[in-house]
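**Q** Can you look at this prediction? I've put the sequence above it.
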Amino acid sequence: MANSNLPRRIIKETQRLLSEPAPGISASPSEDNMRYFNVMILGPTQSPYEGGVFKLELFLPEEYPMAAPKVRFLTKIYHPNIDKLGRICLDILKDKWSPALQIRTVLLSIQALLSAPNPDDPLSENIAKHWKANEAEAVETAKEWTRLYASGA
Amino acid sequence: MEGKIEENDEKVKTIRSIIGFEIPDSEIMEVLIEKNNDIEGAINHLLDFLMPLIVKKTVTSTGVRISGPVNQENGEGKNVFDVRGAKGVKVDEEIEVGIDEKRRKEEESKVLDGCGANGVVGELDLGCGMVNGVMVNGEMEVGINEKRQKEEEMEVLDGCGANGVVNGVKVDEKIEVCMDEKRRKEEESKVLDGCGANGFVGELDLCCKMVNWVKVRKETDVCIDEKGQKGEECDMDIEGKRRKEEGKKVLDECGAKGVSGKLILGCGMVNGVKVKEEPDVSINEKGLKVKEEINEFVEVKGRQEEEKKVFDVCGTKGVVDKSVLGSEMVNRLKVKEDLDVDIEEKVQKEEEKKNFDGRGAKGFVGKVIKELVLERWIKPPKSNPHIDMQKPKEEKELKMVKFKEEPVLCVEPLSSMPLSKQEYNKLNSSNNSLSTVVIEDGDFPEDSDWLLVGRTVVTGLSTTKGRKLENNEIVHFSFPQPGSSKNSSQWGGSRAAIAAASSIVRFSTKRSGEIGRLPMEWAKCLIPLVNSSKVKVLGRCVAAPVNLSLMQELMLYVSFYIDHTVFTTCDKSSWRLDSPSQIDTTTYPLLTLFKLLKVKPFQNAEFTPEELDSRKRQLNLDSDSNEAASLLSVAKRRRGCQPYSEPNKDEQVISEASLNKLVGSVDVYDLKEMEAPDTLMCSLRSYQKEALYWMSESEKGAGVEEASKTLHPCWAAYRICEERKIYVNIFSGEATTDFPTASNAARGGILADAMGLGKTVMTIALILANLGRGSPDDQDIVMEDADETECATKRISYTDTEVSRKVKGGTLIVCPMALLGQWKDELEAHSKPDSVSVFVHYGGDRSNDPRVIADQDVVLTTYGVLSATYKANNENSIFHNVDWYRVVLDEAHTIKSWKTLGAQAAFTLSAHCRWCLTGTPLQNNLEDLYSLLCFLHVEPWCNWAWWNKLIQRPYENGDQRALKLIKAILRPLMLRRTKDTKDKDGRPILVLPPTDIQVIECKQSEAERDFYDALFKRSKVQFDQFVAQGKVLHNYANILELLLRLRQCCNHPFLVMSRSDTQQFADLDKLARRFLETNPDSSTQKAPTPAYVEEVVEGIRNGENTECPICLESADDPVLTPCAHRMCRECLLSSWRTPASGLCPICRQMLHKHELLTCPSANRFRIDVEKNWQESSKVSKLMDCLKSIRKSGEKSIVFSQWTSFLDLFEIPLKRKNIGYLRFDGKLSQKQRERVLKEFSETNEKTILLMSLRAGGVGLNLTAASNVFLMDPWWNPAVEEQAIMRIHRIGQKKTVRVRRFIVKDTVEERMQQVQARKQRMIAGALTDEEVRSARLEELKMLFR
């Protein structure tokens, strides 16, 4: 199976994720594919996502850690850097990937992204526009969405 | 045709009245239509573009003159062309180009560029101008007969002042150009036919120009006049064809196309025109038959460019021949002048600054090239072109057009504004100012600084005419300045044209200005000479014609002087052309001058370039072609394999056998023996005595007496005025007045005896035989001059005083560091005590006083010291401040790269005799040899231009003569014997105890085997990946590393676990310092803070092994980045996209592989080898061998290429209490000497562990008789070298060589690769084959 030849680094990371989880983040590997993680991130406090529980999926490609993990939101979220498919615009997941980064650091970065949306580098044009034009209203929408889709139900 | 006009008759009339001169109605109509019937617009347009204009072009001695619109203000009535009399010269002395313009029509633009008259310009030397429908005459006259115009023209022409030339019919001048113009008929165009005539220009001598559908007939006067006055005829027949371009109406045709041909060299071409050129131009004019000897026939087709009709028309394309002389071409519109057409008119002169009054005509006078493009059109009333000319008030327009590109010229009208009378007059009057200067015909002042070279009559050609010269009148020469060509290049002149233009020498008189120019051959050699300010030229006219005509031959009596300083300085560059493109030149102006002056050397050089270069010459050398072929392959292979960076760059790639082929090894040298000096404490073998004899003789040169009277073979001796002798090096172009004796020729040579024959001893014998001191007095200066300038790459000139300031020294021996001690020992051991003083100039306590070392008989130093001092002090270094008697380069191939500092340092040493000792005069490349010849100052081969021309390039191109030549060069210079060389009686010259070479095959233990297999599998996967990607050769270094691990594994698995680099930073403080020092320099790089560095260093100090951030394991073979991050080497490297560099995973700083530091640690092995010691199969086998030898008391040397293996091997030796010594690169020179000494003396320590690199060269290890080669090296030659350390003179026992090979491993396959390599060296493989061979080799290893 895919798990048979799992690099030691992934095993190690997994162990650490499980034994010392980062605050507000949980990640657990899928049972049939140790490269596939189910992730939950709590909306950071003082952000429009506060109170939300966001589900993500994370997959470690074959080349990992030389290539970045693939991560995407499963929970609908109103965020200028996340599109409706849940794809995330985050440099470390793309060209800024470094093998010294880990699953944990990636997830922490995503969590930080929730705290600090960056409408200047948008993935979702509409939301970004909204954000720029009327941030308060956009934040409201984000809160609304958080309530609607990420309320933990 | 006038149909359209009717419609707007009124408007046309209005316009006409405003403009005030006649423009064909059709023209006006066109404009009107174009301007949408806007009268004003049309008028402006007409004024702007259509103004008629006459341009007069004058070819004067300096070139062509174009006069602006010709005014009648001169009052000459119709004599329009009088104007030309600029310079107060008579009108008829200039060639004028009249242009009659026709108007062209261009459909798209209705403008007329067409105007077409085009001036053309004449050329150069002789140039004659030509013209268009109008005429010109000069000495060459161009009569143009326009049919239409015939009647009227008479006036014009007359007016023109042509001497009554008319219609090409009558010309009293010698050259006539008749142009018969046909009128074009163009149905559609209303235009003017007139246009048609096109100018053209001929160069008589050189160029002929062409014409348009006009015919021109030209006769040069040199030649002829019609009346048959003079001898040869030059006729040019040009038959222009009319182009037919259906699509276009008009003008194309008009387009006369200017062409220029060069007779001599090229021919110009033209559009739509055909030009026939004959060197003697014969012209067939309609109906007229003249001889046609056509040498070149050019047919040019008109361009058809629909879009630009204009240019079509005009458009001649000039073609320019690249010939030396350049040809010009012209258009009807344009004229481009190369060569010397200087545009002399002031008007033009000013243009550069002034843009020719803005009106346009802009001559571009490049200094070098003049491209002059003229567009002029005159718009005469159709019926009567002359009228124009006669009406001063009419405004004429000059347009200058410039060439944009070649060969297609685009015409761009610049500006077009009427030229005011005033301005015009001004121009004229300035031209008139030159007339009254007294004839200058006095004697030339004596000047003792200038030595007369010779005087001769030079035939110049006039470029002007009239009563301008008197007998004996002094002429002044003007030379183009170097570098002036840059200005003009922007105008797109061809390089050839630039070159041509910059190679014209004109002469003038004070009184009359420019008279003519010198022929090319003279100009070419004189320009560089004069520009070097080493030569001056004075001349006067003898036999001046009363009335000079154009292109007349003028006898000048010219004196050539050389500055006396030439003879005292040796700055060769002053004799060379300074143009970069000619740096490689092998023709030298001075020699050319001598040739021209018919100064024959009273003594010819023994070698001549012609001889060497001659294809026919068979060098009388025995050399079979096979040999050459195989050698060639070596060269090719080298070239193809530059990137083939084998791990050891110093290794010798050419095996001895191949070397013998290349440099030749004479089977029997028939040399006398010379008894060794009695201060030599050892006896010489007879071949060594021969060498001594040979070397001594070489040092003397060919007998001092004789040599000092014999001219150096590369120099020719000339006697110039007053019996002064001047010597010119025919290879380098250098000149000197000091007799270059043959003894300046390289004294010394290359002692290239194969390894082990005792080169050192022979050299010591030579030194003892003649300790020498400085250069013999009487030859000092001469020698220095010669020596220093001979050196091709670095020339310095010492003045006499400098030379004498140098301290005289004895012998300087430069050797690799490893041999320093040995030289000293041998010198001391072989010489009688106190017979020779030896001084080692090495180490920190070096003196800087040349006197200290000059006092010694022998000074020893290393290449490193030599280049270091040279680097620091250049030729003021301690070594360069001594005038050595003899310089010996041991292992002289060390300077094989002649561009390196070390080589340069050696070349510039001043010495009487020079010796190269090397067993491998040629290691990789033929160029290696060049470097040695440079050092030896062997002329002419130390001149790169010659070497490259006659040897290097031919050799690389497979020309066998190069090889023969090399052999011929080396024969007298090189002594090379091998161990197989036989003496006179056919016995080998050297009998050494035999060698017994065996391969010991080791079988790995099971554990070893497993380890090896695992490693192999891993490596193979990687290799296969490279293969699959086709990137094997790109990953050569990576693959070599894979192989390295495998090979090390064969020696001992522990080696694989050793660190890959040395503990350069074992000292942690040093490490910390490095971090803190290196980083601040670049602000972009984030330097680690001192605190962080401290922390890291502290961590390392405490032996912490941090977790690698990539694999999250405790770092394996950790490296430190410049940003002070630690991680596994492999993790880091694999995170990079390219092998050599990538980002730091932690901070993203750019890192390069070479910047990585291996984390310091106490142990170079990752495991504690002492504790876990286990013998590998090789180690066990070796121990067995040593044990059995030990009983016999023989000494053994164990070679390995890895010091880490030697480290490992020390473990069992220590454990078994076996005494051993160790010699590797870490030892200082003193330690090395001590080790070697101890090894040869002690009986305790019979084993010497030696690294292949440190001990492979030069050492004498004859104390041992057993050699163990623990690991095969890529190149067998390196192993051979190592064995030679032991198997050499002095060896009394059979030498047993054992090579260790582990079965079924990469080592075994390396053996095959070695064998293959041998074949490859010997065999002929192409580059491609070599490439694939490399791949094959690698594949073989991973099989």
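**A** Great, that's in hand. None of these values were measured; they are calculated from a predicted model.

**Q** which of the residues in the strand ranked longest in chain B are buried?
**A** For chain B, the longest strand by residue count, based on DSSP state E, is strand B:450-462. Neighbour counts over strand B:450-462 (16 or more other Cβ atoms under 10 Å in any protein chain shown) mark B:450, B:451, B:453, B:454, B:456, B:458, B:460, B:461, B:462 as buried. To be clear about C-beta, it is placed using only N, CA and C from the backbone, and glycine gets the same treatment.

**Q** For residue B:912, state which of those is nearest.
**A** Closest approach between the buried residues of strand B:450-462 and residue B:912, by Cβ to Cβ: residue B:451, at 30.5 Å.

**Q** any idea how far residue B:857 is from chain A?
**A** Applying Cβ to the nearest Cβ, to the nearest Å, the value for residue B:857 to chain A is 65 Å.

**Q** Hmm, I typed the wrong one, I wanted residue B:1149.
**A** Between residue B:1149 and chain A the distance is 11 Å, computed by Cβ to the nearest Cβ.

**Q** and if you look at residue B:806?
**A** Counting by Cβ to the nearest Cβ - residue B:806 and chain A are separated by 62 Å.

**Q** Nearest residue to that residue in space, ignoring adjacent ones along the chain?
**A** Nearest non-adjacent residue to residue B:806, counting by Cβ to Cβ, 6 or more residues apart in numbering or on different chains: residue B:883, 4.0 Å away.

**Q** in a strand, that's where the one you found is, yeah?
**A** Yes. Counting by DSSP: H, G, I helix; E, B strand; the rest coil, residue B:883 is found in a strand.

**Q** how about the residues of chain A that lie near chain B?
**A** Neighbours of chain B within chain A, by Cβ under 8 Å from any Cβ of the partner chain: A:8, A:9, A:12, A:13, A:65, A:66, A:96, A:98, A:99, A:100, A:101.

**Q** Any of those buried? List them.
**A** Applying 16+ other Cβ under 10 Å to the residues of chain A next to chain B flags A:9, A:13, A:65, A:66, A:98, A:99, A:100, A:101 as buried.

**Q** pLDDT wise, what is the fifth one at?
**A** Pointing back at residue A:98 there. As predicted, residue A:98 sits at a pLDDT of 90.

**Q** what's the farthest-apart pair in the buried residues of strand B:450-462?
**A** For the buried residues of strand B:450-462, the farthest-apart pair by Cβ to Cβ is B:451 and B:462; their separation is 30.5 Å.

**Q** Check whether the residue nearest to residue B:806 really touches residue B:853, as I assumed.
**A** No. Residue B:883 lies out of contact with residue B:853 (Cβ atoms under 8 Å); the separation is 11.8 Å.

**Q** Between those two, which contacts overlap?
**A** residue B:809 (Cβ atoms under 8 Å, 6 or more residues apart in numbering or on different chains).

**Q** Surely residue B:558 forms part of a strand?
**A** Yes. Counting by three-state DSSP, residue B:558 falls inside a strand.

**Q** how far does stretch A:85-105 sit from the chain's center?
**A** 9 Å (Cα atoms, centre = their mean, to the nearest Å).

**Q** residue contacts, the closest residue to chain B within chain A?
**A** Using Cβ to the nearest Cβ, the closest approach of chain A to chain B is made by residue A:100 at 3.6 Å. Shown in contact with residue A:100 (Cβ under 8 Å, 6+ apart): B:1109, B:1110, B:1127, B:1145, B:1146.

**Q** Which residue comes closest to the fourth one once chain neighbours are left out?
**A** It refers to residue B:1145. Residue B:1145's closest residue in space is residue A:100 (Cβ to Cβ, 6+ apart), at 3.6 Å.

**Q** Nearest the geometric middle of chain A, what residue?
**A** Geometric centre of chain A, nearest residue: residue A:110, 4.5 Å, by Cα atoms, centre = their mean.

**Q** in which helix or strand would I find that one?
**A** Taking DSSP states H and E as the definition, residue A:110 sits inside helix A:103-115.

**Q** So which bits of that helix are buried?
**A** Buried residues in helix A:103-115, counted by 16+ other Cβ under 10 Å: A:103, A:104, A:106, A:107, A:108, A:109, A:110, A:111, A:113, A:114.

**Q** How are the strands of chain A distributed by residue range?
**A** Secondary structure of chain A (DSSP E): strands located at A:25-29, A:36-42, A:53-59, A:70-73.

**Q** Redo the ones you listed as CSV? Include mean pLDDT and mean neighbour count.
**A** Formatted as CSV, the strands of chain A follow (pLDDT from 0 to 100; neighbours: other Cβ atoms under 10 Å in any protein chain shown):
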stretch, mean pLDDT, mean neighbour count
strand A:25-29, 90, 18
strand A:36-42, 92, 19
strand A:53-59, 93, 18
strand A:70-73, 92, 20
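
**Q** Would you mind telling me which of the ones you listed is nearest residue B:1011?
**A** Checking these against residue B:1011 by Cβ to Cβ gives strand A:25-29 as the closest, at 34.3 Å.

**Q** Can you list the strands that the closest one pairs with?
**A** Strand A:25-29 has the following strand partners under DSSP bridges: strand A:36-42 (antiparallel).

**Q** Okay, buried residues for the helix ranked longest in chain A please.
**A** Across chain A, the longest stretch assigned as helix under DSSP state H is helix A:135-149. Buried residues in helix A:135-149, counted by 16+ other Cβ under 10 Å: A:138, A:139, A:141, A:142, A:143, A:145, A:146, A:149.

**Q** Out of these, which is nearest to residue B:538?
**A** residue A:138 (93.0 Å).

**Q** quick one, what contacts that closest one?
**A** Applying Cβ under 8 Å, 6+ apart, the residues near residue A:138 are A:78, A:80, A:127, A:130, A:131.

**Q** which residues does the closest residue to residue A:86 other than its chain neighbours bridge with?
**A** Leaving out its chain neighbours, the residue that sits closest to residue A:86 by Cβ to Cβ, 6+ apart is residue A:73, at 3.5 Å. Per DSSP bridges, the residues bridged to residue A:73 are residue A:56.

**Q** Isn't residue A:73 up against residue A:82?
**A** Yes. Using Cβ under 8 Å, residue A:73 is in contact with residue A:82, at 5.7 Å.

**Q** Give me the common contacts of the two.
**A** Taking Cβ under 8 Å, 6+ apart as the criterion, residue A:73 and residue A:82 both touch residue A:88.

**Q** Now for residue B:1005, how many residues are close by?
**A** Using other Cβ atoms under 10 Å in any protein chain shown, residue B:1005 has 15 neighbouring residues.

**Q** One more: residue B:959?
**A** Neighbours of residue B:959 under the rule other Cβ under 10 Å: 17.

**Q** what about it, distance to residue B:950?
**A** Separation of residue B:959 from residue B:950 (Cβ to Cβ, to the nearest Å): 10 Å.
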